[in-house]
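[1] Here is my input, please return the structure:
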Amino acid sequence: MELESDNGKEVPAVEQESLSPQEVAKRINYKYPNIRLLTRALTHRSYVNEHPEVPEDNERLEFLGDAVLDFVVGAWLYNRYPEMAEGQLTRMRSALVRTEQLAEFARQLNLGPSMRLGRGELHGGGRQRLALLCATFEALIGALYLQGEISAVRDFIFPILEKASDGLLLQPDVYDAKSRLQEWAQGHKLGIPQYETRSAEGPDHAKTFTVDVFVNGTLSGSGSGHNKQIAAQTAAADALSKVDDYFPEERLNV
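    Take a look at the predicted model:
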(Lines give C-alpha, C1' and ligand atoms only; values in the text may rest on other atoms or scores of the structure.)
Protein backbone atom coordinates (compact mmCIF):
# COMPACT_ATOMS: atom_id res chain seq x y z
CA MET A 1 0.00 0.00 0.00
CA GLU A 2 1.31 3.47 -0.96
CA LEU A 3 0.59 6.76 0.81
CA GLU A 4 1.23 10.30 -0.36
CA SER A 5 3.69 12.45 1.60
CA ASP A 6 3.57 16.22 2.18
CA ASN A 7 5.62 16.92 -0.94
CA GLY A 8 3.36 14.82 -3.14
CA LYS A 9 5.81 11.94 -3.53
CA GLU A 10 4.54 8.44 -2.90
CA VAL A 11 6.41 6.57 -0.17
CA PRO A 12 5.88 3.10 1.29
CA ALA A 13 3.50 3.08 4.27
CA VAL A 14 6.03 1.11 6.30
CA GLU A 15 8.47 4.02 6.14
CA GLN A 16 5.88 6.48 7.36
CA GLU A 17 5.26 4.33 10.43
CA SER A 18 8.87 4.67 11.56
CA LEU A 19 9.38 5.66 15.21
CA SER A 20 12.50 7.39 16.52
CA PRO A 21 14.72 5.79 19.19
CA GLN A 22 13.73 8.63 21.52
CA GLU A 23 10.06 7.70 21.10
CA VAL A 24 10.90 4.05 21.75
CA ALA A 25 12.87 4.97 24.88
CA LYS A 26 9.90 6.89 26.26
CA ARG A 27 7.41 4.15 25.45
CA ILE A 28 9.36 1.26 26.99
CA ASN A 29 10.62 3.31 29.95
CA TYR A 30 14.25 3.09 28.84
CA LYS A 31 15.88 5.00 31.70
CA TYR A 32 19.42 5.31 30.40
CA PRO A 33 20.97 8.40 28.79
CA ASN A 34 22.90 6.59 26.07
CA ILE A 35 20.35 6.75 23.27
CA ARG A 36 23.11 5.84 20.81
CA LEU A 37 23.23 2.34 22.26
CA LEU A 38 19.45 1.96 21.93
CA THR A 39 19.67 3.31 18.36
CA ARG A 40 22.27 0.67 17.52
CA ALA A 41 20.02 -2.04 18.97
CA LEU A 42 17.32 -0.98 16.51
CA THR A 43 19.65 -0.87 13.48
CA HIS A 44 19.69 -3.80 11.05
CA ARG A 45 22.71 -4.41 8.84
CA SER A 46 20.60 -3.62 5.74
CA TYR A 47 20.27 -0.06 7.03
CA VAL A 48 24.03 0.25 7.58
CA ASN A 49 24.65 -0.98 4.02
CA GLU A 50 22.63 1.96 2.70
CA HIS A 51 23.94 4.53 5.21
CA PRO A 52 27.76 4.41 5.33
CA GLU A 53 27.76 7.16 7.96
CA VAL A 54 26.18 4.72 10.45
CA PRO A 55 29.09 2.96 12.21
CA GLU A 56 27.53 -0.30 13.45
CA ASP A 57 24.49 -2.56 13.20
CA ASN A 58 22.88 -4.53 16.03
CA GLU A 59 24.44 -7.94 15.42
CA ARG A 60 26.98 -7.76 18.25
CA LEU A 61 24.28 -6.56 20.67
CA GLU A 62 22.07 -9.39 19.45
CA PHE A 63 24.82 -11.90 20.28
CA LEU A 64 25.21 -10.45 23.77
CA GLY A 65 21.46 -10.25 24.39
CA ASP A 66 20.99 -13.89 23.38
CA ALA A 67 23.52 -15.01 26.02
CA VAL A 68 22.07 -12.70 28.68
CA LEU A 69 18.53 -13.92 28.00
CA ASP A 70 19.51 -17.56 28.44
CA PHE A 71 20.92 -16.79 31.88
CA VAL A 72 18.23 -14.38 33.09
CA VAL A 73 15.32 -16.52 31.90
CA GLY A 74 16.90 -19.61 33.46
CA ALA A 75 17.41 -17.82 36.77
CA TRP A 76 13.85 -16.47 36.71
CA LEU A 77 12.38 -19.93 36.06
CA TYR A 78 14.53 -21.49 38.80
CA ASN A 79 13.16 -19.07 41.39
CA ARG A 80 9.64 -18.72 40.00
CA TYR A 81 8.93 -22.47 39.83
CA PRO A 82 10.83 -24.15 42.69
CA GLU A 83 8.81 -27.35 42.24
CA MET A 84 9.90 -27.87 38.61
CA ALA A 85 12.32 -30.63 37.73
CA GLU A 86 15.33 -29.87 35.53
CA GLY A 87 13.63 -31.25 32.44
CA GLN A 88 10.62 -28.96 32.77
CA LEU A 89 12.86 -25.95 33.44
CA THR A 90 14.81 -26.67 30.26
CA ARG A 91 11.62 -27.05 28.23
CA MET A 92 10.16 -23.83 29.59
CA ARG A 93 13.35 -21.85 28.96
CA SER A 94 13.48 -23.12 25.39
CA ALA A 95 9.87 -22.06 24.88
CA LEU A 96 10.47 -18.58 26.30
CA VAL A 97 13.61 -17.80 24.27
CA ARG A 98 12.64 -19.37 20.94
CA THR A 99 12.43 -17.07 17.94
CA GLU A 100 8.64 -17.00 17.80
CA GLN A 101 8.26 -16.05 21.45
CA LEU A 102 10.92 -13.32 21.39
CA ALA A 103 9.32 -11.92 18.24
CA GLU A 104 6.02 -11.83 20.10
CA PHE A 105 7.69 -9.89 22.93
CA ALA A 106 8.98 -7.43 20.32
CA ARG A 107 5.46 -7.04 18.92
CA GLN A 108 4.07 -6.43 22.40
CA LEU A 109 6.58 -3.60 22.75
CA ASN A 110 5.72 -2.37 19.23
CA LEU A 111 9.36 -2.53 18.17
CA GLY A 112 8.53 -3.20 14.52
CA PRO A 113 7.96 0.46 13.55
CA SER A 114 11.18 1.46 15.31
CA MET A 115 13.47 -0.99 13.49
CA ARG A 116 15.91 0.79 11.17
CA LEU A 117 15.88 -1.29 8.01
CA GLY A 118 17.15 -0.88 4.49
CA ARG A 119 14.66 -0.29 1.68
CA GLY A 120 14.80 -3.90 0.53
CA GLU A 121 13.87 -5.18 3.96
CA LEU A 122 11.18 -2.54 4.32
CA HIS A 123 9.55 -3.44 1.02
CA GLY A 124 9.90 -7.11 1.88
CA GLY A 125 7.87 -6.75 5.06
CA GLY A 126 10.86 -6.74 7.38
CA ARG A 127 8.95 -5.06 10.19
CA GLN A 128 6.82 -8.20 10.48
CA ARG A 129 9.54 -10.83 9.98
CA LEU A 130 9.94 -13.06 13.02
CA ALA A 131 13.71 -13.34 12.68
CA LEU A 132 14.19 -9.55 12.57
CA LEU A 133 11.79 -8.90 15.45
CA CYS A 134 13.55 -11.56 17.53
CA ALA A 135 17.00 -10.16 16.71
CA THR A 136 15.91 -6.63 17.63
CA PHE A 137 14.53 -7.78 20.95
CA GLU A 138 17.77 -9.64 21.75
CA ALA A 139 19.79 -6.55 20.77
CA LEU A 140 17.63 -4.43 23.07
CA ILE A 141 18.43 -6.82 25.93
CA GLY A 142 22.12 -6.49 25.07
CA ALA A 143 21.87 -2.70 25.21
CA LEU A 144 20.10 -2.84 28.56
CA TYR A 145 22.80 -5.12 29.95
CA LEU A 146 25.62 -2.81 28.84
CA GLN A 147 23.95 0.19 30.47
CA GLY A 148 22.51 -1.27 33.66
CA GLU A 149 23.92 -4.83 33.87
CA ILE A 150 21.77 -7.76 35.01
CA SER A 151 19.55 -5.67 37.27
CA ALA A 152 18.38 -3.57 34.32
CA VAL A 153 17.58 -6.66 32.28
CA ARG A 154 15.82 -8.26 35.23
CA ASP A 155 13.61 -5.22 35.86
CA PHE A 156 12.70 -5.07 32.17
CA ILE A 157 12.13 -8.74 31.35
CA PHE A 158 10.60 -10.20 34.52
CA PRO A 159 7.13 -8.63 34.05
CA ILE A 160 7.15 -9.82 30.42
CA LEU A 161 8.06 -13.37 31.46
CA GLU A 162 5.38 -13.39 34.15
CA LYS A 163 2.68 -12.69 31.59
CA ALA A 164 3.99 -15.23 29.10
CA SER A 165 4.84 -18.18 31.31
CA ASP A 166 1.39 -19.10 32.57
CA GLY A 167 0.10 -19.37 29.02
CA LEU A 168 3.02 -21.57 28.01
CA LEU A 169 2.39 -23.91 30.93
CA LEU A 170 -1.03 -24.67 29.47
CA GLN A 171 0.23 -25.43 25.95
CA PRO A 172 0.34 -29.21 25.44
CA ASP A 173 3.34 -29.07 23.10
CA VAL A 174 5.40 -27.20 25.71
CA TYR A 175 4.36 -28.62 29.02
CA ASP A 176 1.71 -31.32 29.37
CA ALA A 177 2.75 -33.17 32.49
CA LYS A 178 -0.83 -34.21 33.30
CA SER A 179 -1.18 -36.23 30.09
CA ARG A 180 2.22 -37.88 30.53
CA LEU A 181 1.45 -38.77 34.16
CA GLN A 182 -1.89 -40.27 33.19
CA GLU A 183 -0.27 -42.34 30.42
CA TRP A 184 2.37 -43.57 32.83
CA ALA A 185 -0.15 -44.39 35.60
CA GLN A 186 -2.52 -46.26 33.29
CA GLY A 187 0.41 -48.07 31.71
CA HIS A 188 1.24 -49.41 35.16
CA LYS A 189 -2.42 -50.21 35.89
CA LEU A 190 -2.58 -47.57 38.63
CA GLY A 191 -5.76 -45.91 37.39
CA ILE A 192 -6.32 -42.25 36.56
CA PRO A 193 -4.50 -39.70 38.76
CA GLN A 194 -6.80 -37.66 41.00
CA TYR A 195 -6.21 -33.96 41.69
CA GLU A 196 -7.33 -32.16 44.85
CA THR A 197 -7.02 -28.45 45.65
CA ARG A 198 -5.32 -28.20 49.02
CA SER A 199 -5.43 -24.42 49.44
CA ALA A 200 -6.13 -21.09 47.76
CA GLU A 201 -4.30 -18.17 49.35
CA GLY A 202 -3.99 -14.47 48.67
CA PRO A 203 -6.32 -11.74 47.41
CA ASP A 204 -8.84 -12.49 44.68
CA HIS A 205 -6.77 -10.80 41.97
CA ALA A 206 -3.56 -12.68 42.88
CA LYS A 207 -4.47 -16.03 44.41
CA THR A 208 -2.01 -18.89 44.64
CA PHE A 209 -3.50 -22.37 44.42
CA THR A 210 -1.85 -25.51 45.76
CA VAL A 211 -2.93 -28.82 44.25
CA ASP A 212 -2.04 -32.40 45.28
CA VAL A 213 -2.12 -35.32 42.86
CA PHE A 214 -2.87 -38.87 44.04
CA VAL A 215 -1.88 -41.95 42.06
CA ASN A 216 -3.54 -45.19 43.13
CA GLY A 217 -4.68 -43.40 46.29
CA THR A 218 -1.17 -42.26 47.27
CA LEU A 219 -0.07 -38.65 47.43
CA SER A 220 2.45 -38.49 44.59
CA GLY A 221 3.09 -34.83 43.92
CA SER A 222 2.16 -31.24 44.76
CA GLY A 223 2.30 -27.98 42.87
CA SER A 224 1.33 -24.32 43.03
CA GLY A 225 0.21 -21.74 40.49
CA HIS A 226 -1.91 -18.69 39.78
CA ASN A 227 -4.81 -20.91 38.76
CA LYS A 228 -5.86 -24.51 39.38
CA GLN A 229 -4.85 -25.72 35.92
CA ILE A 230 -1.26 -24.54 36.32
CA ALA A 231 -1.09 -25.89 39.88
CA ALA A 232 -2.29 -29.28 38.61
CA GLN A 233 0.33 -29.28 35.85
CA THR A 234 3.13 -28.55 38.31
CA ALA A 235 1.78 -31.22 40.67
CA ALA A 236 1.86 -33.75 37.84
CA ALA A 237 5.42 -32.66 36.98
CA ASP A 238 6.41 -33.17 40.61
CA ALA A 239 4.97 -36.68 40.51
CA LEU A 240 6.76 -37.45 37.24
CA SER A 241 10.08 -36.25 38.68
CA LYS A 242 9.76 -38.97 41.33
CA VAL A 243 9.26 -41.73 38.79
CA ASP A 244 13.05 -42.03 38.53
CA ASP A 245 13.21 -42.83 42.24
CA TYR A 246 10.75 -45.70 42.03
CA PHE A 247 11.32 -46.88 38.45
CA PRO A 248 14.90 -45.86 37.59
CA GLU A 249 14.93 -48.11 34.52
CA GLU A 250 12.22 -45.96 32.91
CA ARG A 251 13.68 -42.47 33.39
CA LEU A 252 11.03 -40.28 31.84
CA ASN A 253 12.18 -37.13 30.06
CA VAL A 254 10.11 -34.64 32.05
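
[2] give me phi/psi at E201?
    Geometry field for E201 lists phi and psi as phi -120, psi 150, criterion degrees, to the nearest 10.

[3] Could you list which residues are in contact with it?
    With contact taken as Cβ atoms under 8 Å, 6 or more residues apart in numbering, E201 is in contact with K207, T208, T210. Using the backbone N, CA and C atoms, a C-beta is placed for each residue, glycine as well.

[4] 6 Å instead, please
    Taking Cβ atoms under 6 Å, 6 or more residues apart in numbering as the criterion, E201 is in contact with T208.

[5] go on, L89?
    The neighbourhood of L89, defined by Cβ under 6 Å, 6+ apart, consists of L77.

[6] name the element it belongs to?
    Per DSSP states H and E, L89 falls inside helix 86-97.

[7] For the helix or strand that that helix is followed by, which outside residues touch it?
    The element immediately downstream of helix 86-97 (helix or strand, assigned by DSSP H and E) is helix 99-108. If you take Cβ under 6 Å, 6+ apart as the criterion, helix 99-108 is touched by L130, L133, C134, T136, F137, I160.

[8] now do the same end-to-end measure for stretch 29-39.
    Distance between the two ends of stretch 29-39: 15 Å, counting by Cα to Cα, to the nearest Å.

[9] And that stretch, what's buried?
    Burial within stretch 29-39, assessed by neighbour count using 16 or more other Cβ atoms under 10 Å, is assigned to Y30, L37, L38, T39.

[10] which residue is nearest the middle of this structure?
    Centroid check for the chain by Cα atoms, centre = their mean gives L96 as the closest residue, at 3.3 Å.

[11] Tell me, what's the model's pLDDT at that residue?
    Here the pLDDT value assigned to L96 is 89.

[12] Can you list the strands that whichever strand or helix holds A200 pairs with?
    With elements taken from DSSP H and E, the one containing A200 is strand 194-201. Strand partners for strand 194-201, identified by DSSP bridges, are recorded as strand 208-215 (antiparallel).
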